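Chemist: need a 3D model of the sequence below.
(one chain, ligands or ions: 3)
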Amino acid sequence: MFIEPHIKGGKRGWIEVICGSMFSGKTEELIRRLKRARIAHLKTEIFKPAIDTRYDEMNVVSHDETTIIAQPVQHSQNILLLADDADVIGIDEVQFFDSGIVSVCEQLALNGIRVIVAGLDMDFSGKPFGPVPQLLAVADYITKLHAICVHCGNIANISYRKTKQSGQVVIGELDVYEPRCRVCYEKGDEV
Ligand SMILES: Nc1ncnc2c1ncn2[C@@H]1O[C@H](COP(=O)(O)OP(=O)(O)O)[C@@H](O)[C@H]1O
Ligand SMILES: Cc1cn([C@H]2C[C@H](O)[C@@H](COP(=O)(O)O)O2)c(=O)[nH]c1=O
Ligand SMILES: [Zn+2]
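Modeler: Ligands and ions are numbered 1, 2, ... in the order given. Next up, the predicted model:
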């Protein structure tokens, strides 16, 4: 479990990254941290890339249907404009943002904001996904989560794509992806 850092005096910002495969609980963990911040009477703002309309155009929704109100944005720079006077900012599906999201997060943290981002560390082929490696490099706190391999019940670290689509970005759910462990991932369609 992630323990919120206790900062002595002054308003200091920092960057938290929650990463892992699909179904590992990234969105649930993001929502949990944001709800706790609200309980502490902190002002929160939540953003997601406009491309992700799977469950809902506006809200961030986990696979288990936990929900929180969010603002869809087209470009990372919009977040700086919409941040208002937030104490805590959450960003889901951060892998889909342009590379400018890294400096946006750093700027927000410099401004004293706690920035929590959640996203896929790897795509379906095992390649690092979009800005996530750079975000991991500049993060103050990192949480790596794991799903359960749908074939053997072990810890799953990667999202296996069940279709033949080859592009990096293919929005989908269990119809397109399943979380797998290393061994079951290597077996491909022969699992
Ligand atoms: N194979 C699986 N392993 C773990 N959780 C799963 C699996 N399949 C479905 N789930 C559900 O997905 C939830 C996590 O959803 P979510 O937070 O949206 O994950 P992520 O954002 O990492 O894709 C779990 O609490 C569980 O109910
Ligand atoms: C592995 C992988 C995933 N995607 C897409 C599929 C989903 O729409 C999101 C991930 O959502 P989650 O909250 O982490 O379950 O990303 C993709 O476009 N390309 C990939 O390689
Ligand atoms: Zn497995």
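Chemist: what bridges to the spatially most central residue of the chain?
Modeler: In the chain, the centroid-proximal residue (Cα atoms, centre = their mean) is Ala118; its distance is 1.7 Å. Under the criterion DSSP bridges, Ala118 forms beta bridges with Ile18.
Chemist: spell out which parts of this protein neighbour ligand 1.
Modeler: Within the chain, the residues that sit near ligand 1 (Cβ under 6 Å from any ligand atom) are 20, 22-28, 62-64, 147-148, 150, 179. Bear in mind the C-beta positions are built from the backbone N, C-alpha and C, glycine included.
Chemist: filter those down to just the ones in strands.
Modeler: 20, 147-148, 179 (DSSP state E).
Chemist: out of the residues you listed, the closest to Asn111 would be?
Modeler: Gly20 (27.8 Å; Cβ to Cβ).
Chemist: contacting residues for that closest one?
Modeler: Residues in contact with Gly20 (Cβ atoms under 8 Å, 6 or more residues apart in numbering) are 26, 120-121, 144-147, 157.
Chemist: check His146 too.
Modeler: Residues in contact with His146 (Cβ under 8 Å, 6+ apart) are 20-21, 24, 155-157.
Chemist: highest neighbour count among these?
Modeler: Ser21 (28 neighbours; other Cβ atoms under 10 Å).
Chemist: so that one touches Tyr160, yeah?
Modeler: No: counting by Cβ atoms under 8 Å, Ser21 stays clear of Tyr160, with 9.0 Å between them.
Chemist: in CSV, list the contacts of Gly20 along with distance to ligand 2 and pLDDT.
Modeler: Listed next are the contacts of Gly20 as CSV, based on distance: Cβ to the nearest ligand atom, whole Å; pLDDT from 0 to 100:
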residue, distance to ligand 2, pLDDT
Lys26, 6, 98
Leu120, 5, 98
Asp121, 10, 98
Lys144, 13, 98
Leu145, 10, 98
His146, 12, 98
Ala147, 9, 98
Asn157, 12, 98
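Chemist: restricted to buried residues, select these in ChimeraX.
Modeler: Selecting only the buried entries of the contacts of Gly20 in ChimeraX, with 16 or more other Cβ atoms under 10 Å as the criterion:
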select :26,120,121,145,146,147,157
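Chemist: look at Leu80 and give its secondary structure.
Modeler: helix (DSSP: H, G, I helix; E, B strand; the rest coil).
Chemist: list the residues that contact it.
Modeler: Neighbouring residues of Leu80 by Cβ under 8 Å, 6+ apart: 104, 107-108.
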